[in-house]
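S.K.: structure, please.
(chains A and B, ligands or ions: 2)
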Amino acid sequence: MIEVRDLKKSFGPNRILDGLSFEIPRGESLVIIGRSGGGKSVLLKHLIGLLMPDSGAVLIDGKNIVGMNERELLSVRGKFGMLFQGAALFDSMTVAENVAFAFRHSPEMTVREIQSKVGEVLEMVDLPGTENKKPSELSGGMRKRVGLARAIIYHPEIVLYDEPTTGLDPIVSDSIDKLILRVRDCLDVTTIVVTHDMRSARTVGQRILMLHDKKVYAAAPTDQFFQSQDPVIRRFIDGVSDAKEHYF
Amino acid sequence: MNFRGWIADWIEGLGRLAMLTREAVASLFTFKVAWSDLLYQVYFVGVKSQSVVLITGAFTGMVLGAQTYFQFHKVRMDTATLAVVSVSMCSELGPVLTGLMVAGRVGAAIAAELGTMKVTEQIDALRTLATHPVDYLVVPRLVALHIALPLLTIEAIAVGIGAGYLVGVYLLDIDSTYLWINMLKYTTSSDLTIGLIKSFIFGGIVALIGCYKGISCGEGAEGVGRATTEAVVYSSITILITNFFLTLTLGRIFHTL
Ligand SMILES: Nc1ncnc2c1ncn2[C@@H]1O[C@H](COP(=O)(O)OP(=O)(O)OP(=O)(O)O)[C@@H](O)[C@H]1O
Ligand SMILES: [Mg+2]
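M.R.: Ligands and ions are numbered 1, 2, ... in the order given. The predicted model follows:
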């Protein structure tokens, strides 16, 4: 269970989040949408303690992580898996080393067990046989899938996906969506997905939360959200810009 | 930037560096470091700095030998030439020059590597994988430099004295036996000890400033570039300044014993 209370964050003079509050019950899959630059990635980083808010609280299973030091946060982060928007693979390591990073010093697992697990997860993200490639040899979409494999291999309780399908072709996007659902159902994880892809939002989300103007603009179950007649929501879903600037 | 702002930034930087040092020491004493990471860093720092250190040591020893000879020859102290080379290589030039070369080579590499990891969110990724960046990135480099720099310094000293000897005997025609005996007579073990203590400390300086600059790197390619330059400049200057104070204190301690 994740609870965010009155979260505020500024970078210098720029306020990015201005008093967000919401709850995510255990096992739910929540989709966060909002304009580009609206602070979605910043919000995700607050949930896992990579960024600290100026004020407000983030409660993970009842424990407030705001104000914890880095060592205390490490144990909380064991519950999380996170896929970064830019994948953030370790570029000095191979794909296999990246994916197996969480098991680096776990004495209870043999090298062979780790290898087979890595192979299994790479199979899941549709990248079999790429173990010995370096991240620089992969395409953007492949990197993202390796990042996904790295985030879910250790069966976290909460998985944060930052734009998992951006930059992927429709077929792979669909397989990633299915993978997210499968991870959710098999491992009973809480899923939080940031996305711009309305089709993907419809598929993976049980509930949709929309950030607008530094606040939570709307939060509703998926069906209800897509039927909403609110002009701001409608514009976002249908992808219509305000026709206010005409240069030509 | 105005002067007060500059001073405030400088003090804040020192504070952050001190926090990083404290975190690194705490991590070191709880043995959270992986041996494989450490070994790789020792290899990287030690083995890959060989050529630079050998060339620096050799040419410093040679030029020092020649210059000393030109002066000492006037007062017929030719055979004391190598003693001067040896004492100054052991206690001053060996550790300082090796420190500066390693700062340029390894300090820059550390800052660039960690800086790139910072800008591409790899350090954040590390943190999400429940790994403390200090345990994984800083401590292996710190320990590796503490181990490698004294060894490299010994190497530079030995090569410098050897090169000085060769120049003295074969180019300047100094009597080889007296040259060698005088060298042994005037070089004390405390000279070497002072050099090793200094190089141990310089290793820490290069590692901590390199890591600090990398981890606190600004945005983008420009940030990485700036972090790299600053790591080299600050660690070089810190080595030179620290060396002065170390010479004073260690000289007091060892030469009055
Ligand atoms: N470390 C930082 N320092 C300063 N400003 C930042 C930092 N991180 C993010 N910002 C600013 O915060 C705002 C929100 O960024 P964020 O990356 O959260 O947007 P986003 O909603 O994820 O956008 P996108 O959909 O394009 O990924 C941006 O204006 C960005 O410039
Ligand atoms: Mg984003």
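
S.K.: now do the same contact list for residue B:78.
M.R.: Contacts here follow C-beta atoms under 8 Å, 6 or more residues apart in numbering or on different chains; on that basis residue B:78 touches B:69, B:72, B:172, B:174-175, B:179. All C-beta atoms are positioned from the backbone trio N, CA, C, and that covers glycine.

S.K.: near ligand 2, which residues of chain A show up?
M.R.: Residues of chain A lying close to ligand 2 by C-beta under 5 Å from the ion are A:41, A:85.

S.K.: quick one: the helices in chain A?
M.R.: A:40-47, A:70-77, A:95-99, A:111-124, A:140-152, A:170-187, A:198-204, A:222-226, A:231-238 (DSSP state H).

S.K.: output those as JSON lines; include the columns mean pLDDT, distance to ligand 1 and mean neighbour count.
M.R.: Listed next are the helices of chain A as JSON lines, based on pLDDT from 0 to 100; distance: least, C-beta to the nearest ligand atom, whole Å; neighbours: other C-beta atoms under 10 Å in any protein chain shown:
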{"stretch": "helix A:40-47", "mean pLDDT": "95", "distance to ligand 1": "3", "mean neighbour count": "22"}
{"stretch": "helix A:70-77", "mean pLDDT": "91", "distance to ligand 1": "17", "mean neighbour count": "16"}
{"stretch": "helix A:95-99", "mean pLDDT": "95", "distance to ligand 1": "22", "mean neighbour count": "23"}
{"stretch": "helix A:111-124", "mean pLDDT": "91", "distance to ligand 1": "25", "mean neighbour count": "15"}
{"stretch": "helix A:140-152", "mean pLDDT": "91", "distance to ligand 1": "13", "mean neighbour count": "24"}
{"stretch": "helix A:170-187", "mean pLDDT": "86", "distance to ligand 1": "16", "mean neighbour count": "16"}
{"stretch": "helix A:198-204", "mean pLDDT": "91", "distance to ligand 1": "13", "mean neighbour count": "19"}
{"stretch": "helix A:222-226", "mean pLDDT": "92", "distance to ligand 1": "18", "mean neighbour count": "15"}
{"stretch": "helix A:231-238", "mean pLDDT": "88", "distance to ligand 1": "12", "mean neighbour count": "14"}
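
S.K.: circling back: okay, the contacts of residue B:78 in a markdown table with neighbour count, distance to chain A and secondary structure next?
M.R.: Shown next, in a markdown table, are these (neighbours: other C-beta atoms under 10 Å in any protein chain shown; distance: C-beta to the nearest C-beta, whole Å; DSSP: H, G, I helix; E, B strand; the rest coil):
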| residue | neighbour count | distance to chain A | secondary structure |
| --- | --- | --- | --- |
| B:69 | 25 | 48 | helix |
| B:72 | 17 | 51 | helix |
| B:172 | 16 | 49 | coil |
| B:174 | 24 | 51 | coil |
| B:175 | 13 | 54 | coil |
| B:179 | 23 | 49 | helix |
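
S.K.: pull the most distant pair out of those residues.
M.R.: Pairwise distances among these were taken by C-beta to C-beta; the largest, 13.1 Å, belongs to B:72 and B:175.

S.K.: distance to residue B:134 for the helices of chain A - can I get that in TSV?
M.R.: Converted to TSV, the helices of chain A look like this (distance: least, C-beta to C-beta, whole Å):
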stretch	distance to residue B:134
helix A:40-47	19
helix A:70-77	8
helix A:95-99	21
helix A:111-124	25
helix A:140-152	21
helix A:170-187	31
helix A:198-204	36
helix A:222-226	42
helix A:231-238	42
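
S.K.: now the ones you listed in CSV, with distance to chain B?
M.R.: Below are the helices of chain A laid out as CSV (distance: least, C-beta to the nearest C-beta, whole Å):
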stretch, distance to chain B
helix A:40-47, 7
helix A:70-77, 5
helix A:95-99, 9
helix A:111-124, 13
helix A:140-152, 8
helix A:170-187, 16
helix A:198-204, 20
helix A:222-226, 27
helix A:231-238, 26
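
S.K.: dump the contacts of residue B:78 into CSV; add pLDDT and distance to ligand 2 as well.
M.R.: Output for those, formatted as CSV (pLDDT from 0 to 100; distance: C-beta to the ion, whole Å):
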residue, pLDDT, distance to ligand 2
B:69, 94, 67
B:72, 93, 70
B:172, 91, 69
B:174, 91, 71
B:175, 90, 75
B:179, 90, 70
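
S.K.: pretty sure residue B:112 sits against residue B:224.
M.R.: Yes - using C-beta atoms under 8 Å, residue B:112 makes contact with residue B:224 at a distance of 6.0 Å.

S.K.: more crowded one of the two?
M.R.: Each of residue B:112 and residue B:224 has its neighbours counted (other C-beta atoms under 10 Å in any protein chain shown); residue B:224 has more, 24 against 20.

S.K.: separation between that one and ligand 2?
M.R.: 22 Å (C-beta to the ion, to the nearest Å).

S.K.: who touches the residue nearest to the spatial centre of chain B in this structure?
M.R.: In chain B, the C-alpha nearest the mean C-alpha coordinate belongs to residue B:99, at 2.2 Å (C-alpha atoms, centre = their mean). Residue B:99 sits next to B:149, B:153, B:198-199, B:202-203, B:205-206, B:239, B:243 when contact means C-beta under 8 Å, 6+ apart.

S.K.: could you redo those residues as a markdown table and give each row pLDDT, neighbour count and distance to chain A?
M.R.: Compiled in a markdown table, the contacts of residue B:99 are given as follows (pLDDT from 0 to 100; neighbours: other C-beta atoms under 10 Å in any protein chain shown; distance: C-beta to the nearest C-beta, whole Å):
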| residue | pLDDT | neighbour count | distance to chain A |
| --- | --- | --- | --- |
| B:149 | 95 | 31 | 23 |
| B:153 | 96 | 30 | 28 |
| B:198 | 96 | 27 | 32 |
| B:199 | 96 | 27 | 28 |
| B:202 | 97 | 28 | 26 |
| B:203 | 96 | 29 | 22 |
| B:205 | 96 | 22 | 24 |
| B:206 | 96 | 32 | 20 |
| B:239 | 97 | 26 | 28 |
| B:243 | 96 | 19 | 33 |
